[in-house]
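Novice: Got a sequence here, can you model it:
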Amino acid sequence: MPQSPRAKAIAILGTGSDVGKSMITSGLCRLLYRAGFRVAPFKAQNMSLNSFVTPEGGEIGRAQALQAEACGIPAHVDMNPILLKPESDSRSQVIVQGKVFATREARAYFARNRDSELFRAVERSYTRLASQYEVMVIEGAGSAAEVNLRDRDLVNWPVVEMADAKVILVGDIDRGGVFAQIIGTLDLITPEERARVCGIVINKFRGDAALFADGVRFLRERTGIPVLGVLPFLCDLALDQEDSLDVDIRRQVAFQPDRINIAVVLLPHMSNFTDFNALADEPDVALRYAATPEDAGGADAILLPGSKTTLADLAYLRGKGFESLLRGHVHRGGEVVGVCGGYQMLGRQIADPDAVESGGSGEGLGLLQVTTVLMREKITEQVEARALHLGGTTAPPARGYLIHMGRTDRHGHRPCFELERKEPSGSGHRDVAERDDAWLDGAVSDDGLVWGTYIHGLFDEPLCRRAWLNRLRIRKGLPAADMEWSQRVNRQRSGAMDRWADHVEQYLDLTPIRALLRQGGTV
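Specialist: Now for the predicted structure:
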């Protein structure tokens with residue numbers, strides 16, 4: 001049987017971390033998709049605590065899920081075959097093709113990754129995708145010129161060579177020193193690698209781009225490589241980005257008396273902060289990330305996010321004085337919500353007998369009576385559900401995904417969500433009270449002021465989000481808002497990718513990419 005033709009490949013590499021590689025990859029993916037190409041994203045290795053669960057139940061980086069959406073295709077584990085989830089400054093959980101592979105210290109991981117099954121997993125994933133699509137858009141990691149890691153790199157140049165890709169080099173002018181970034185990077189890579197660079201992008205420009213014309217000319221003359229454009233910073237872009245930019249900006253948000261004021265506790269190993277982005281986009285919400293109890297003063301609701309190291313982050317939370325804040329907040333009639341690790345923290349006890357994280361056990365906050373045992377098996381699954389605690393028989397729909405390594409006993413609390421699962425053949429319908437924990441999620445206190453769930457992304461669903469916000473509004477003495485407010489937010493979020501792609505198309509000269517794809521169509 002003849003082999004499928006190999007896809008053409010474009011790689012987006014950067015002069016450093018957080019220069020905008022993920023977003024430029026997303027924008028290019030969307031432009032190619034709109035031009036009629038069958039296109040897919042690829043990032044060999046990602047390090048992030050913001051992850052996503054694919055339809056098949058595999059875990060990948062959130063950025064690759066966004067890029068898949070830009071391509072108009074479902075996310076798949078082959079798009080991000082290796083995901084590193086940091087557990088400390090020197091140790092990470094290693095996810096390979098969607099499943100937990102190991103927990104490794106950084107020294108041990110980098111000592112063997114190029115010669116191990118890890119790079120073979122990268123090759124297999126890329127080969128499968130490249131046989132199904134016309135174009136692969138590859139995202140690098142960190143700097144393209146990490147000379148101390150060259151012999152252990154499995155995400156930048158080895159992938160570029162494997163894919164025979166052309167390279168676009170991205171520099172970040174917002175952080176300063178963009179000339180040194182670009183020229184230094186090109187000077188440190190090999191002549192063969194430099195020959196693959198078909199263009200330079202200056203990202204995150206603020207101000208009048210015409211004032212940088214001399215800079216563009218200098219870079220072109222100094223490097224001999226075309227500058228594809230200067231990409232202005234785009235404000236208010238409602239896309240779930242992978243880095244902490246949104247968190248940093250929203251730490252400064254001011255609470256207001258005519259809004260629902262929400263504080264998200266900022267944990268050292270906070271995971272999936274994108275859970276709260278749709279909430280922050282609501283016109284009647286002021287959402288702030290709280291690094292100290294004082295930052296949460298005046299909140300109507302306080303949210304505890306997910307955590308990769310639940311016991312350690314719980315100890316940190318106590319040390320900062322959040323425990324007394326949360327108890328006082330509930331005593332005054334405020335609401336507290338925990339998601340995933342935050343849900344576990346709300347209970348009486350967390351035990352880690354198998355040292356899934358750090359081992360041992362600890363007392364929770366005791367705002368719920370639940371108890372949790374951390375387990376080696378990791379649950380990763382997309383789910384649909386009904387929010388029982390927000391409407392009873394008219395419970396609004398919710399959807400999201402599970403990513404956790406714990407079993408939580410409810411100890412008499414009502415569940416928050418009924419999961420929509422298929423009944424076994426011939427079993428007939430069962431009431432919520434008769435269903436086991438496979439059908440139910442979360443726990444809610446008798447007064448409804450404290451609740452927790454394992455469902456990430458549940459606030460992305462507009463009906464569920466608005467039902468909860470309206471409950472907070474009524475408790476605060478504000479009238480319920482029209483559901484259209486939340487529907488509008490979701491429409492704006494769904495159009496954000498095209499807005500970003502239009503921005504990329506307006507400011508970048510895509511001629512080198514058109515040349516690469518000239519036999520397959522035009523961009």
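Novice: okay, CA-based contacts and neighbour counts for the rest of this
Specialist: Fine.
Novice: partner residues bridging residue 385?
Specialist: Per DSSP bridges, the residues bridged to residue 385 are residue 398, residue 419.
Novice: tell me the contacts of it?
Specialist: 397-399, 417-420 (Cα atoms under 8 Å, 6 or more residues apart in numbering).
Novice: For the residues you listed, I'd like a selection string for PyMOL - just the buried members, please.
Specialist: Applying 16 or more other Cα atoms under 10 Å to these, the buried members can be selected in PyMOL as follows:
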select buried, resi 397+398+399+417+418+419
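Novice: Just give me the least confident of the contacts of residue 385.
Specialist: Ranked by pLDDT, those bottom out at residue 420 (88).
Novice: which residues sit in contact with that one?
Specialist: 383-386, 439.
Novice: still on that earlier bit, for residue 191, state which of the contacts of residue 385 is nearest.
Specialist: residue 399 (49.5 Å; Cα to Cα).
Novice: Now the closest one. Nearest residue, chain neighbours left out?
Specialist: Computed as Cα to Cα, 6 or more residues apart in numbering, the closest residue to residue 399 that is not its neighbour in sequence is residue 384, at 4.2 Å.
Novice: can you count the residues close to the one you found?
Specialist: 17 (other Cα atoms under 10 Å).
Novice: What's the separation between it and residue 252?
Specialist: 34 Å (Cα to Cα, to the nearest Å).
Novice: what helices or strands is the helix or strand hosting residue 228 leaning on?
Specialist: Taking DSSP states H and E as the definition, residue 228 sits inside strand 227-232. Applying 3 or more Cα pairs under 8 Å, 6 or more residues apart in numbering; DSSP states H and E, one finds that strand 227-232 contacts strand 197-205, helix 213-223, helix 483-507.
Novice: contact partners of that strand?
Specialist: In contact with strand 227-232 (Cα under 8 Å, 6+ apart) are residues 199-207, 209, 216, 219-220, 504, 507-510.
Novice: List the contacts of residue 212.
Specialist: So residue 212 contacts nothing (Cα under 8 Å, 6+ apart).
Novice: Now do the buried residues in stretch 14-33.
Specialist: Buried, per 16+ other Cα under 10 Å, within stretch 14-33: 14-33.
Novice: Alpha carbons of that stretch, as CSV, please.
Specialist: Written as CSV, here are the backbone C-alpha positions of stretch 14-33 (Å, rounded to 0.1, in the frame of the first residue of the first chain):
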residue,chain,number,x,y,z
GLY,A,14,11.2,32.0,19.4
THR,A,15,14.0,34.0,20.9
GLY,A,16,12.8,33.0,24.4
SER,A,17,9.8,31.9,26.4
ASP,A,18,6.5,33.8,26.3
VAL,A,19,7.4,35.7,23.1
GLY,A,20,4.1,34.7,21.5
LYS,A,21,4.9,31.5,19.7
SER,A,22,1.6,29.8,20.7
MET,A,23,-0.6,32.7,19.6
ILE,A,24,1.2,33.2,16.2
THR,A,25,1.0,29.4,15.7
SER,A,26,-2.8,29.6,16.4
GLY,A,27,-3.2,32.6,14.0
LEU,A,28,-1.3,30.9,11.2
CYS,A,29,-3.3,27.7,11.7
ARG,A,30,-6.5,29.6,11.4
LEU,A,31,-5.4,31.4,8.2
LEU,A,32,-4.4,28.2,6.6
TYR,A,33,-7.7,26.6,7.6
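Novice: Run through the helices of the stretch 201-350 of the chain in chain order.
Specialist: 213-223, 245-250, 277-281, 310-319, 322-331, 341-345 (DSSP state H, counting those that start in this stretch).
Novice: Residue 100 pairs with what?
Specialist: According to DSSP bridges, beta-bridge pairing links residue 100 with residue 95.
Novice: I misspoke; the intended subject was residue 166.
Specialist: Bridge pairing for residue 166 - DSSP bridges - gives residue 10.
Novice: In contact with it, which residues?
Specialist: 9-11, 160, 196-198.
Novice: Now the buried members of the contacts of strand 227-232.
Specialist: 199-205, 216, 219-220, 504, 508-510.
Novice: Which member of those residues is positioned nearest residue 234?
Specialist: Out of the buried ones among the contacts of strand 227-232, the member with the shortest distance to residue 234 (by Cα to Cα) is residue 204, at 7.8 Å.
Novice: Roughly how far does that closest one sit from residue 89?
Specialist: Note on residue 204: its distance to residue 89, by Cα to Cα, is 28 Å.
Novice: gap between residue 279 and residue 65?
Specialist: Plainly put, residue 279 is 20 Å away from residue 65 if you go by Cα to Cα.
Novice: Those two: which is more packed in?
Specialist: Shown here are residue 279 and residue 65; by other Cα under 10 Å, residue 65 has more neighbours (26 against 22).
Novice: Spatially nearest residue to the more buried one (excluding sequence neighbours)?
Specialist: Setting aside the residues directly before and after it, residue 65 is nearest to residue 75 in space (Cα to Cα, 6+ apart), at 5.2 Å.
Novice: May I ask which helix or strand encompasses that neighbour?
Specialist: Applying DSSP H and E, one finds residue 75 in no helix or strand.
Novice: ok, so what distance separates it from residue 41?
Specialist: Taken as Cα to Cα, the span from residue 75 to residue 41 is 9 Å.
Novice: neighbour count winner among those two?
Specialist: residue 41 (34 against 26).
Novice: hang on, the more buried one in a strand?
Specialist: Yes. Checked against DSSP: H, G, I helix; E, B strand; the rest coil, residue 41 lies within a strand.
Novice: what sits in contact with each of residue 75 and residue 41?
Specialist: Common neighbours of residue 75 and residue 41 (Cα under 8 Å, 6+ apart) are 64, 68.
Novice: returning to that earlier point: so which of the helices of the stretch 201-350 of the chain is the most packed in?
Specialist: Neighbour counts (mean count of other Cα atoms under 10 Å) averaged over each of those peak at helix 341-345, with a mean of 30.
Novice: what comes into contact with it?
Specialist: Counting by Cα under 8 Å, 6+ apart, 303-308, 310-311, 314, 337-338, 350, 364-365, 370-372, 404, 408, 442, 451-454 sit against helix 341-345.
Novice: Go again with 6 Å.
Specialist: For helix 341-345, the surrounding residues in contact (Cα atoms under 6 Å, 6 or more residues apart in numbering) are 304-307, 310, 364, 452-453.
Novice: Show me the shaky parts of the stretch 401-523 of the chain.
Specialist: By pLDDT under 70, the low-scoring segments of the stretch 401-523 of the chain are 421-437, 519-523.
Novice: So which residues of it form strands?
Specialist: 417-419, 440-441, 443-444, 450-453, 455-456 (DSSP state E, counting those that start in this stretch).
Novice: Let me know which of the ones you listed is the nearest to residue 183.
Specialist: So among the strands of the stretch 401-523 of the chain, strand 455-456 is nearest, using Cα to Cα, at 41.7 Å.
Novice: Partner strands of that closest one, with direction?
Specialist: strand 397-409 (antiparallel).
Novice: roughly how far is the strand it pairs with from the heart of the chain?
Specialist: Taking Cα atoms, centre = their mean, to the nearest Å, one finds strand 397-409 lying 16 Å from the centre of the chain it belongs to.
Novice: what comes into contact with that strand?
Specialist: Under Cα under 6 Å, 6+ apart, the answer for strand 397-409 is 370-375, 377-386, 455-458, 461, 464.
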